[in-house]
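Q: what's the 3D shape of this:
(one chain, ligands or ions: 2)
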Amino acid sequence: MIELTINGQKRRVDAEGDTPLLWVLRDDLGMTGTKYGCGIAQCGACSVMIDGTVTRSCVTPVESVASAQITTIEAVEADPVGARVVEAWVKHQVPQCGYCQSGQVMAATSLLKQNARPSDADVEAAMTNLCRCGTYNAIKAAVRDVAGLAPAQEHGA
Ligand code: FES
Ligand code: FES
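A: Ligands and ions are numbered 1, 2, ... in the order given. This is a model prediction of the structure:
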C-alpha cells in the first residue's frame, strides 16, 4: 500500500512502487483528466503538479511522490493561479481537440505560480508540451493574459 496526497486528500493505493503515477491516477483512482500520450516524457499530456512544479507523471514512479502534494487537472481551479489559467483558456478558446490541454493548463499554472510575469522566452522555455492541433499561439496569448501582459504583436498578417 502506498499513501498519496492528491488534491489535498489522502488516497491509499495498492500499487508497486515503480508504477508510473499516471497509471495510478487513471487506472487505480479513475482520475482520467490526466492523459496518456507518449509514455516517454516527450509530449506532456500526462502533466501534473508535484509540490507546485509541473511533472510528467508517465515517468514518475509513484513511490517517489508518496510524501508530496500532487495536484491534478481535476483540482487545478482550487488554486487561485490555476483558476485564472482556466478562465484565460476559455476566454482565448485555446482547446481544439482538447487532448493535450489538461497538461498544457498544468504547465501554465506551474509556470505562472513560479513566475507571475514571464517573458516570451520564459513561456517558450517552460511550455514544452506538444499539441498536435497547433494551439501554441492561443496558449501564449492566454498565458500573457494571466500575466497581465499586452497581447503579442502579430507580424505579416
Ligand atoms: S505521456 Fe507523459 S510526456 Fe507524454
Ligand atoms: S488541442 Fe488537440 S492536441 Fe492540443
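Q: Pull up the residues of this structure that are close to ligand 1.
A: 36, 37, 38, 39, 41, 42, 43, 44, 45, 46, 56, 58 (C-beta under 6 Å from any ligand atom). To be clear about C-beta, it is placed using only N, CA and C from the backbone, and glycine gets the same treatment.
Q: Report the contact partners of the first one.
A: With contact set as C-beta atoms under 8 Å, 6 or more residues apart in numbering, residue 36 has these partners: 22, 26, 45, 46, 58.
Q: repeat for the fifth one
A: With contacts taken as C-beta under 8 Å, 6+ apart, residue 41 has the following neighbours: 56, 58, 59.
Q: hmm, which of those are the buried ones?
A: Buried members of the contacts of residue 41, counted by 16 or more other C-beta atoms under 10 Å: 56, 58.
Q: Tell me where this structure has strands.
A: Counting by DSSP state E, one finds strands in the chain at the ranges 2-6, 9-13, 47-50, 53-56, 69-71.
Q: Make CSV from those and add mean pLDDT and distance to residue 93 to it.
A: Shown next, in CSV, are those (pLDDT from 0 to 100; distance: least, C-beta to C-beta, whole Å):
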stretch, mean pLDDT, distance to residue 93
strand 2-6, 97, 29
strand 9-13, 97, 32
strand 47-50, 98, 21
strand 53-56, 97, 23
strand 69-71, 98, 24
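Q: Can you mark which positions in the helix ranked longest in the chain are buried?
A: When the chain is parsed with DSSP state H, its longest helix is helix 101-114. Using 16+ other C-beta under 10 Å as the test for burial, helix 101-114 gives 101-113.
Q: do the same with stretch 76-92
A: Buried residues in stretch 76-92 (16+ other C-beta under 10 Å): 76, 79, 81, 82, 84, 85, 86, 88, 89, 92.
Q: Likewise for stretch 55-72?
A: 55, 56, 57, 58, 60, 62, 65, 68, 70, 71, 72.
Q: what's the closest of these to residue 129?
A: residue 56 (9.2 Å; C-beta to C-beta).
Q: list the helices and strands the lowest-mean-pLDDT helix or strand in the chain packs on?
A: In the chain, no helix or strand scores lower on mean pLDDT, DSSP states H and E than helix 120-126, which sits at a mean of 92. Judged by 3 or more C-beta pairs under 8 Å, 6 or more residues apart in numbering; DSSP states H and E, helix 120-126 is in contact with helix 101-114, helix 136-146.
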